[in-house]
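Student: sequence-free structure coming up:
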């Protein structure tokens, strides 16, 4: 019976996801540690996309990366190179990597190195740049490039040394604690960032860097509530990657957006992407901006929801609901709804407001189609023009056709195998 | 008085399934109602239902 095969495969996938042990090991340089990375590779968020189809913030981030790498001196030269065919664009997800918003990763950027200790696979993510004018929202001015160089030359080497003194950090436990402290792990990372500082500070102090440099680094992390996001994301990535390519499984292992398209991948359907147009985020805009300014949904950070946190753990984060527009009751209802489309309740990530019920984990494409309920995602809103940055935050849903197309492909695969 | 007539002498508490407009009309008449969040499977899309059936 095909249903039994599917149920067995999904059971296996959920065991792998729930047993994942994401652990922070080290910091490295992208071209040295990310598989397949070259001097002229630019990794980006979401499903595959060519330069000509990229949205404003994605183009801005690519421009900034080319200047940062020294491959172009200004915007004009960067645009020419970007369109020349010399640059190899590839989704972060094709390289065990994830990136927030534009998600752009280039050769010289320092990256966190994580390992799923249970299954041995690795994941990577850049370090979070902070708020305001930043590359991930498409900004590429001098201050952006200068900050990226500071991160390469001071932040990363100092944290690398601190990590060496500390040893590996169990991120699953840290994310679990953050959820108990009012984070949902996507749009609220204040607790996670605080926990990370608490863990690392004694070792930052012991590094060989100067007092001034240590203060600079601690102040930088402290000034940015989202610093921990770039650890939550690869933690979710290496957890889910271990569960990909399990034949007959209908569980989603990737959701990601490139600012033009939203894409999903399903464990039993190999490396195929199922895409549809990226949606407009429904949320609150910062003063001075209107809906006209908003770029369509962008970023790999929806890996959080794919792993059962973020919007799926909204009930854990009542403090954030006003930021994305809504009430505490809405947050609880939103999480409750996600149980309708998921395969399991998380064994470790728990929600205090729901009597410590495990977060809804493992999106099943069959349940999405049957119920008509789409995954609910917490996210930031990028300005549609490069160089401006974040203009708001809110909730967004994937296009239904991603799930419909995946279901169709799943049935067709079974037909090819004469199983239905 | 029959049981059904007794019911209509009391304050009605209504659970509405299906069309939201029924619920809205009752609300306009100050009747207490609860709308059940329900949709037909796959929104009634026959193609999707046939694919889902094949997986059972």
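Tutor: That came in fine, so what should we check first? Predicted model, so just to flag it, every value in this text is computed and none were measured.
Student: going forward, measure contacts and count neighbours with C-alpha atoms only.
Tutor: Fine.
Student: mind listing what's buried in stretch A:132-142?
Tutor: Neighbour counts over stretch A:132-142 (16 or more other CA atoms under 10 Å in any protein chain shown) mark A:133-141 as buried.
Student: should've said stretch A:31-45
Tutor: So for stretch A:31-45, counting by 16+ other CA under 10 Å, buried means A:31, A:33-34, A:37-38, A:40-45.
Student: Just flag the most distant two among these.
Tutor: A:33 and A:45 (18.4 Å; CA to CA).
Student: coming back round to it: in helices only, show me the buried residues of stretch A:31-45.
Tutor: A:31, A:33 (DSSP state H).
Student: Format the buried residues of stretch A:31-45 as a markdown table; extra columns: distance to residue A:261 and pLDDT.
Tutor: Shown next, in a markdown table, are those (distance: CA to CA, whole Å; pLDDT from 0 to 100):
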| residue | distance to residue A:261 | pLDDT |
| --- | --- | --- |
| A:31 | 27 | 98 |
| A:33 | 28 | 98 |
| A:34 | 24 | 98 |
| A:37 | 23 | 97 |
| A:38 | 25 | 96 |
| A:40 | 24 | 96 |
| A:41 | 21 | 98 |
| A:42 | 18 | 98 |
| A:43 | 16 | 98 |
| A:44 | 12 | 98 |
| A:45 | 10 | 98 |
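Student: Can you name the residue of chain A nearest to chain B?
Tutor: residue A:370 (4.3 Å; CA to the nearest CA).
Student: My guess is that residue contacts residue B:44. True?
Tutor: No. Using CA atoms under 8 Å, residue A:370 is not in contact with residue B:44; the gap is 9.2 Å.
Student: Go through the helices and strands of chain B and name the one with the lowest mean pLDDT.
Tutor: Ranked by mean pLDDT, DSSP states H and E, the helix or strand of chain B with the weakest confidence is helix B:3-9, at a mean of 83.
Student: ah, wrong one, I meant chain A
Tutor: That would be, for chain A by mean pLDDT, DSSP H and E, helix A:321-324 at a mean of 77.
Student: buried residues in that one?
Tutor: Judged by neighbour count using 16+ other CA under 10 Å, the buried positions of helix A:321-324 are A:321, A:323-324.
Student: ok now the least confident helix or strand of chain B, how far from the chain's centre?
Tutor: Counting by CA atoms, centre = their mean, to the nearest Å, helix B:3-9 is centred 21 Å from the centre of its parent chain.
Student: starting at the chain centroid, how far to the helix or strand just after that helix?
Tutor: Later in the chain than helix B:3-9, the nearest helix or strand by DSSP states H and E is strand B:13-16. Computed by CA atoms, centre = their mean, the chain-centroid distance of strand B:13-16 equals 8 Å.
Student: Could you spell out the sheet neighbours of strand B:13-16, each with its direction?
Tutor: strand B:32-35 (parallel) (DSSP bridges).
Student: helices or strands up against whatever helix or strand comes next after the strand it pairs with?
Tutor: Sequence-wise, the next helix or strand downstream of strand B:32-35 (DSSP H and E) is helix B:46-54. Other helices and strands packing on helix B:46-54, by 3 or more CA pairs under 8 Å, 6 or more residues apart in numbering or on different chains; DSSP states H and E, are helix A:365-371, helix A:400-416.
Student: hang on, the earlier thing: higher neighbour count, residue A:370 and residue B:44?
Tutor: residue A:370 (20 against 12; other CA atoms under 10 Å in any protein chain shown).
Student: How about that one, nearest residue that isn't a chain neighbour?
Tutor: Using CA to CA, 6 or more residues apart in numbering or on different chains and skipping the chain neighbours, the partner closest in space to residue A:370 is residue B:42 (4.3 Å).
Student: residues in contact with the one you found?
Tutor: A:369-372, B:48-49 (CA atoms under 8 Å, 6 or more residues apart in numbering or on different chains).
Student: Distance check, the closest residue in space to residue A:126 that isn't next to it in sequence against residue A:162.
Tutor: The shortest distance from residue A:126 to any non-neighbouring residue, by CA to CA, 6+ apart, is to residue A:111 (4.2 Å). Relative to residue A:162, residue A:111 is positioned 15 Å away (CA to CA, to the nearest Å).
Student: before we move on, what about residue B:17?
Tutor: Taking CA to CA, one finds residue B:17 at 59 Å from residue A:162.
Student: Neighbour count for the two, which is higher?
Tutor: Ranked by neighbour count (other CA under 10 Å), residue B:17 and residue A:162 place residue A:162 first, with 21 against 14.
Student: ok, now which ones touch the more buried one?
Tutor: So residue A:162 contacts A:200, A:203-204, A:206-207 (CA under 8 Å, 6+ apart).
Student: Most neighbours among those, which one is it?
Tutor: Ranked by neighbour count (other CA under 10 Å), the contacts of residue A:162 have residue A:204 at the top, with 24 neighbours.
Student: before we move on, what SS does the nearest residue to that residue once chain neighbours are set aside have?
Tutor: Of all residues not flanking residue A:204 in the chain, residue A:162 sits nearest, at 5.0 Å (CA to CA, 6+ apart). When classified by DSSP: H, G, I helix; E, B strand; the rest coil, residue A:162 comes out as helix.
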